[in-house]
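Student: output the structure for:
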Amino acid sequence: MSETVRTHLRVRASELVGRNWLNTGGKSLDLESLRGKIVLLDFWTFCCINCLHVLDELRPLEQEYSDVLVTVGVHSPKFEHEADPVALAAAVERYEIRHPVLDDPELETWKAYTARAWPTLVVIDPEGYIVAHLSGEGHADGLAVLIPELIAEHEAKGTLHRGDGPYVAPEATSGTLRFPGKALYLPSGRGVGSAAAAGSWLVTDTGHHRLVELSTDFTTVLATYGSGEKGHIDGNAASARFNEPQGLVLLPEDVAAEAGYDVVIADSVNHRLRGLSLDDGTVTTLVGNGVQRLLEVGPARVNEEGAAFGGRLEDNPLDVALSSPWDVVWSTKLNAVVVAMAGVHQIFSFSPLSGAVSIIAGNGLEGLLDGPAAEAWFAQSSGLAEDAEGNIWVADSETSALRKLVVGDGGTVTVETAVGKGLFDFGFRDGKASQARLQHPLGVTVLPDGSVAVADTYNGAVRRYDPASGTVSTLARGLSEPSDVIVDHTQVAGSEPLLVVVEANKHQLVYVPIPKEAQQVDEGAVQTHRPKSPVAPGLLELTVRFTAPTGQKLDDRWGDPTQLKISSTPPELLVSGGGTSVGLLRSLELASDVPEGVLHITARAAACDGPETADGEIPDHAACHLYQQDWGIPVLLQADGDRELVLDLRGMD
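Tutor: Got it, this is the predicted structure:
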């Protein structure tokens, strides 16, 4: 049965099948046991920043409708490491997930629901029928309308059962640090505890929503910044609040003196940059209004590039919307803080002296594409480091790649890839950089000899890329999700060089020696294991379904408010139909001599609350919403394959 036919029928939800259940007190769940509840299936994978955004979007709904709504997280992994049940349990704890989670390592439930992207949401009514398919993030407002509609309908029918859900809280991890993210060396005189000759280490204690200053023994706590309660409050060290802080950068002393703070912090879930004064522990907000940035210009306008490129984004940096800033580094050439804006797959800059915030690389599309900064694609960049030439190295996590921003003397930026192939290619392989593979790296640092060390997070390793020889090797392995790596600045002259590694899943910092002879590992290069869609060569009709939520209207004030952007890997797969144009329907022509590949599809739709006026027009004050999803659809070309492809941006059954 084709997808087009299926979506016009009242479809019974498929059973939930997987390896194990988490957050249920050891009990297995099935749909029969959830009958009478509204069930929201959240297909996610813990590497995915968009999935993490959805977790936060759903929390208010889960709280408001706790007696009728049961969210079930279906964890269908993208990377090999994510199929490890121990790693999944740690992720469920790390992200404070308070609903049942089905471990679906073989993607059985993913396939049963024909999920095609992370994240995907499926709404099941109290009688066990599918009523909505939603892809991507930004659906909280629509769900806030749909859920009361379902409550009213099924209360009237007598099929809604109120009461507690099946969630059972697990035992929490305790200790000084909890899932630390990044670390920063504070030289003597710059930190509260750094008066000693050895200096100190400032750590984002991400799971505790605070910063911790440690002595060089990594045990003695010298100071803490933040109350430890999740939130956003500026003020002194005891009262300030963060929400999963990540990257840190120490400003040059002259810049810090003029700016009035020493450290810039990527406060990821608050979607803000914060400043910390080490003299008195004061925390201030530098950039960000707390609203997650979407790729838009105007009230809900969709345009080709998705965001203004270059130049100042807003006159007031506190009016700028950010999206999950993950790391920060000082650029000597740009005289600014460079920001890995993981949530929109772009690289920003921020000047502490002028307050200017700009996009310096990436057009917002998710993938791996080099070239001029405005045309480059990134995928959840999560680690940054500057080299001696002023270039910026980037750990591009979702493409398992090591990228480089080549910064010209005039501030021009071009993007190059040193290691990595694409969104679905990863592995653990040393050797020639063109053949080497990483697995979701989160941290990067430049070694004294000019080579680059990478926190290869999902391989549990520290890898080394040597630009001189163009080769990759392994410096250390057996680590538990290393999220950052930094050169140790406390070494005694003549001693063996050391690295400091943030070992997130062991909640600690550790010293790692740099071996004189690195290891050569080859455990293979693999691709994300997802079912390939059989399609026929020639004409392929693409339909992206989008139905605006009740109470919203497509924002057609500037023309068609929907858009498709399509490309392929390899490029030869797509004979025609690529590029960007309005509308959610497209005729594609696929090559007959390419056996398989990936279709990259980005869909956007803009809708606003209303209409409220008598003539049906959207009022000027209406709140507007941008819906977006990026799909990477693996396809297998065969003569009897499908000639149509139907995707749901917001499909209602």
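Student: start to end distance for stretch 421-437?
Tutor: End-to-end distance of stretch 421-437 (C-alpha to C-alpha, to the nearest Å): 8 Å.
Student: now it, how far from the chain's geometric center?
Tutor: Relative to its parent chain, stretch 421-437 has a centroid offset of 21 Å by C-alpha atoms, centre = their mean, to the nearest Å.
Student: now it: mean pLDDT?
Tutor: The average pLDDT within stretch 421-437 is 96.
Student: any buried residues in it, and which?
Tutor: Using 16 or more other C-beta atoms under 10 Å as the test for burial, stretch 421-437 gives 421-430, 433, 436-437. The way it works is simple: take the backbone N, C-alpha and C, and place the C-beta from them, glycine included.
Student: with stretch 110-128 instead?
Tutor: Quick answer for stretch 110-128 (16+ other C-beta under 10 Å): 110, 113-128.
Student: swap in stretch 11-24?
Tutor: 11, 13-14, 16, 18, 20-24.
Student: can you list the neighbours in contact with it?
Tutor: 27-31, 39, 41, 72, 74, 85, 88-89, 92, 97-106, 108-109, 112-113, 122, 124, 128-130, 166-170, 653 (C-beta atoms under 8 Å, 6 or more residues apart in numbering).
Student: do stretch 569-589 as well
Tutor: Contacts for stretch 569-589 (C-beta under 8 Å, 6+ apart): 304, 422, 538-546, 559-560, 562-568, 590-591, 593-594, 597-600, 603, 605, 635, 649.
Student: just the buried members of the residues you listed?
Tutor: Buried among these by 16+ other C-beta under 10 Å: 422, 540, 542-546, 562-568, 590-591, 594, 597-600, 603, 605, 635, 649.
Student: return the subset of the residues you listed lying in strands.
Tutor: Per DSSP state E, strands hold the following members of the buried ones among the contacts of stretch 569-589: 540, 542-546, 562-568, 590, 597-600, 603, 605, 635, 649.
Student: now N459: phi and psi?
Tutor: Note on N459: backbone dihedrals following degrees, to the nearest 10 are phi -90, psi 0.
Student: count of residues packed around it?
Tutor: When neighbours are counted by other C-beta atoms under 10 Å, N459 registers 29.
Student: contacting residues for it?
Tutor: 81, 428, 438-439, 477.
Student: list phi and psi for S592.
Tutor: Here is the backbone geometry of S592 (degrees, to the nearest 10): phi -90, psi -10.
Student: from P634, how far off is the closest residue to it other than its chain neighbours?
Tutor: Excluding the flanking residues, the one nearest S592 by C-beta to C-beta, 6 or more residues apart in numbering is P537, at 3.9 Å. P537 sits 16 Å away from P634, taking C-beta to C-beta, to the nearest Å as the criterion.
Student: with L55 instead?
Tutor: For L55, the distance to P634 - C-beta to C-beta - is 26 Å.
Student: next up, the contacts around the closest residue to L107 other than its chain neighbours.
Tutor: Counting by C-beta to C-beta, 6+ apart, the nearest residue to L107 once its immediate chain neighbours are dropped is S76, at 4.9 Å. Going by C-beta under 8 Å, 6+ apart, S76 touches 43-45, 104, 107, 109-110, 115, 118.
Student: can I get those residues in TSV including pLDDT and distance to K230?
Tutor: What follows is those, written out as TSV (pLDDT from 0 to 100; distance: C-beta to C-beta, whole Å):
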residue	pLDDT	distance to K230
F43	97	25
W44	97	20
T45	97	23
D104	97	28
L107	95	32
T109	97	30
W110	95	30
A115	92	30
W118	93	24
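Student: so where's the stretch 301-450 of the chain shaky on pLDDT?
Tutor: Applying pLDDT under 70 to the stretch 301-450 of the chain flags residues 301-312.
Student: what about 80?
Tutor: The stretch 301-450 of the chain contains residues with pLDDT under 80 at 301-314.
Student: mind listing the strands in it by residue range?
Tutor: For the stretch 301-450 of the chain, the strands defined by DSSP state E, counting those that start in this stretch occupy 325-331, 336-341, 346-350, 357-361, 371-372, 381-386, 392-396, 401-407, 413-419, 425-429, 431-432, 443-446.
Student: restricted to helices, list the contacts of stretch 11-24.
Tutor: Among the contacts of stretch 11-24, DSSP state H puts 85, 88-89, 92, 108-109, 112 in helices.
Student: buried subset of the residues you listed as a ChimeraX selection?
Tutor: Filtering the ones in helices among the contacts of stretch 11-24 down to the buried ones (16+ other C-beta under 10 Å) takes a single ChimeraX command:
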select :88,89,92,108,109
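Student: pull the most distant pair out of the ones in helices among the contacts of stretch 11-24.
Tutor: A89 and A112 (23.6 Å; C-beta to C-beta).
Student: give me the pLDDT for the residue nearest to G235 when sequence neighbours are not counted.
Tutor: Spatial nearest neighbour of G235, excluding adjacent residues (C-beta to C-beta, 6+ apart): V283 at 6.4 Å. Among the per-residue scores, V283 shows a pLDDT of 98.
Student: next one: R293
Tutor: pLDDT recorded at R293 is 78.
Student: so what's it up against?
Tutor: Applying C-beta under 8 Å, 6+ apart, we find R293 in contact with 271, 307, 320-323, 341, 343-344.
Student: now swap in S324 and tell me
Tutor: With C-beta under 8 Å, 6+ apart, S324 has these contacts: 49, 52-53, 268-269, 271, 292, 341-343.
Student: show me those residues that map onto strands.
Tutor: Among these, the members found in strands (DSSP E) are M341.
Student: most neighbours out of the contacts of S324, which is it?
Tutor: A342 (29 neighbours).
Student: excluding chain neighbours, what is closest to it?
Tutor: Closest to A342 by C-beta to C-beta, 6+ apart is W326, at 4.1 Å.
Student: which residues does the one you found contact?
Tutor: Here W326 is in contact with 246-247, 266, 268, 340-342, 380-383 (C-beta under 8 Å, 6+ apart).
Student: want to throw these into JSON lines with distance to E389?
Tutor: Listed next are the contacts of W326 as JSON lines, based on distance: C-beta to C-beta, whole Å:
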{"residue": "Q246", "distance to E389": "26"}
{"residue": "G247", "distance to E389": "22"}
{"residue": "A266", "distance to E389": "24"}
{"residue": "S268", "distance to E389": "29"}
{"residue": "A340", "distance to E389": "19"}
{"residue": "M341", "distance to E389": "23"}
{"residue": "A342", "distance to E389": "25"}
{"residue": "Q380", "distance to E389": "26"}
{"residue": "S381", "distance to E389": "20"}
{"residue": "S382", "distance to E389": "22"}
{"residue": "G383", "distance to E389": "18"}
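Student: pick the one among those closest to Y511.
Tutor: Nearest to Y511 among the contacts of W326, with distances taken as C-beta to C-beta, is G383, at 19.3 Å.
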